[in-house]
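1. Sequence and computational prediction follow.
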Amino acid sequence: MLRLTMTKFLQRSGYRVSACSDVDAAERLLTGGTVRPALIVLGVRALDRRAAADARRLREAAPDTPMLGVADRIEDAGEASSLPHDLRFLAHPFDMPDVLRAIRSSLRKSGASPRQSGAEAAVNS
């Protein structure tokens, strides 16, 4: 549900989206060489050990691509310390405009234009 909602929202906001059903699909997309997203959006149900491992895998697959995480809840606050240092995580409650602001901020920090319609990889694990 999160992947579908996020995909539709980003498309309506002018972004091209490559949505992946899980982290394996996202890793294949990132390492396949055909798509180089401007930003990775990692959507998870919970910020837990699995989400931290998924974030590290995606960081290894695309070390120079900014990443934003969104989570329905935080199960283990201690896991935040094991996340890639440059990963910003938003946890509910948040509004979709909050996500859009975070995306624009991440793109600006990476040097990409916040209005540039690059491909974002929305991932739901």
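-> Noted; the coordinates are in hand. Numbering: from 1, shown residues only.
2. Check what pLDDT the closest residue to Ser110 other than its chain neighbours gets.
-> Residue nearest to Ser110 in three dimensions, not counting chain neighbours: Pro66, with 4.4 Å by CB to CB, 6 or more residues apart in numbering. C-betas here are computed from N, CA, C, even on glycine. Listed pLDDT for Pro66 reads 89.
3. got the contact list for Pro66?
-> By CB atoms under 8 Å, 6 or more residues apart in numbering, the residues touching Pro66 are Ala38, Leu39, Ile40, Asp86, Ser106, Leu107, Lys109, Ser110.
4. And the helix or strand hosting the fifth one, what does it pack against?
-> This means Ser106. Using DSSP states H and E, Ser106 sits within helix 96-110. Counting contacts by 3 or more CB pairs under 8 Å, 6 or more residues apart in numbering; DSSP states H and E, helix 96-110 is packed against helix 2-12, strand 39-47, strand 67-74, strand 88-91.
5. So for the second one, what gets flagged as buried?
-> Translated: strand 39-47. Buried residues in strand 39-47, counted by 16 or more other CB atoms under 10 Å: Leu39, Ile40, Val41, Leu42, Gly43, Val44, Ala46, Leu47.
6. Over to the shortest one?
-> The neighbour-count criterion (16+ other CB under 10 Å) identifies Phe89, Leu90, Ala91 as the buried residues of strand 88-91.
7. Same question for the first one.
-> By neighbour count, and taking 16+ other CB under 10 Å as the criterion, the buried residues in helix 2-12 are Leu2, Arg3, Met6, Thr7, Phe9, Leu10.
8. Sweet, I'm off.
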